[in-house]
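Visitor: Fold the following for me, if possible:
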Amino acid sequence: MIAQQILNGVITGSIYALFALGFTLVFSVHRVLNLAHGGVFMVSALFAYYLVTSGVSIWVAAVAAALAGGVVSGLIEIVALRRLRRFPPHVMEFAALITTLGADIVIINIGHKLTDAQTVRFPFGTFPNVFFNLLGLRISFLQIAVLLTVGAMLLFLMYYLYRTPVGLKLRAVASSEKAARLMGVNPDAVYLQTFFISGVMAGIAGVLIALSFNSISAHMGEPYMLKAFVIIVLGGLGSIPGCVMAAIFFGVAQTLCVVYLPPGAPDIILYSLLFLVLLVKPSGLMGSAAAISIVGRRA
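Guide: Sure thing, here's the model as predicted:
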């Protein structure tokens, strides 16, 4: 029983990791918190829903929804953030919170209009409802798809960051935008690519969550934003390995607490644990006192 719940928690934490990875990637490069990330998550799930109800295969709809999330995220970067970079960093960071929050509110209200403020669900049989027994554990085809997708996206992200010229430019901008400009790097292009990848990850996470719970609403991204905050702080601000570790830990701990503790207790324990960890190690599990991220350090 415990092993089954741990497996369920790992799968849940994997989806949290996918959502939080896009969030922490933007923070690592831009040094801003994109509060519209949850809105992108919701829009992608809703886009997949409308494609599926129009007769499109869920596999095609999932890819299209991920790309739609990337496009929406890129538009947020262009409209809400690009002009702010001409201001000093301390001004830009605060203004970015306001503009991305405004973008999130706009996206949520559009979601309200599209759904008539109702919860919508995928038609029955959208995803194959197949289960397997593995070493005494019961796992569904959807859960296997979640693990494979998250693993593939994590490998892609690491390859993108460390094995491609574009990833080198991204790390250069994350380290020092001024130095990157002197080396001929266009920071605007890097920022746009970062937001696009972040949006794709949010889009995939949105579709996976929507399929897992078969529930899509305009506010579905907001609870995951809170979890993403906890995960990136617990893992270490800007740390990609820390983000993944913290997400898996959070997913397993949350699942075990929900199963074995009274209602209301899981949130108390999890957020108290976060408080205690930060008292002992304020930089998080994989962070450092100098706040050095895996992507780079801004000069």
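
Visitor: With Ile197 as the reference, measure out to Thr164.
Guide: Using CB to CB, to the nearest Å, one obtains 12 Å as the distance from Thr164 to Ile197. C-beta here means a position set from N, CA and C on the backbone, and glycine is covered the same way.

Visitor: and if you look at Pro262?
Guide: When distance is defined by CB to CB, Pro262 is 40 Å away from Ile197.

Visitor: Kindly report the same for Pro282.
Guide: Relative to Ile197, Pro282 is positioned 28 Å away (CB to CB).

Visitor: With neighbour numbers in mind, choose between these two.
Guide: When Pro282 is set against Ile197 and neighbours are counted by other CB atoms under 10 Å, the residue ahead is Ile197, at 23 against 12.

Visitor: and that one, that one's in a strand?
Guide: No. Assessed by DSSP: H, G, I helix; E, B strand; the rest coil, Ile197 does not belong to a strand; its assignment is helix.

Visitor: All the strands of the stretch 51-200 of the chain, residue numbers only.
Guide: With DSSP state E, counting those that start in this stretch as the definition, the stretch 51-200 of the chain shows strands at residue ranges 131-134, 137-140.

Visitor: Least reliable of the ones you listed by average pLDDT, please.
Guide: Averaged per stretch, pLDDT over the strands of the stretch 51-200 of the chain is lowest on strand 131-134, reaching a mean of 83.

Visitor: Leaving out sequence neighbours, find the closest residue to Ala253.
Guide: With CB to CB, 6 or more residues apart in numbering as the criterion, Ala253 has its nearest non-adjacent residue at 6.0 Å, and that residue is Leu270.

Visitor: Same question for Ala218.
Guide: Counting by CB to CB, 6+ apart, the residue nearest Ala218 is Gly111, at 3.4 Å.

Visitor: Please report how far that neighbour lies from Pro241.
Guide: Using CB to CB, which is the criterion applied here, Gly111 is 33 Å from Pro241.

Visitor: The two: which is more packed in?
Guide: Applying other CB under 10 Å to Gly111 and Pro241 shows that Gly111 carries more neighbours, namely 21 against 14.

Visitor: Flag the shaky bits of the stretch 151-299 of the chain, pLDDT-wise.
Guide: Low-confidence regions of the stretch 151-299 of the chain, defined here as pLDDT under 70, cover residues 238, 286-299.

Visitor: And the helices in this protein, which stretches?
Guide: Residue ranges of the helices in the chain, as given by DSSP state H, are 2-30, 37-53, 58-76, 89-115, 141-162, 165-175, 177-182, 187-213, 222-235, 240-260, 265-280.
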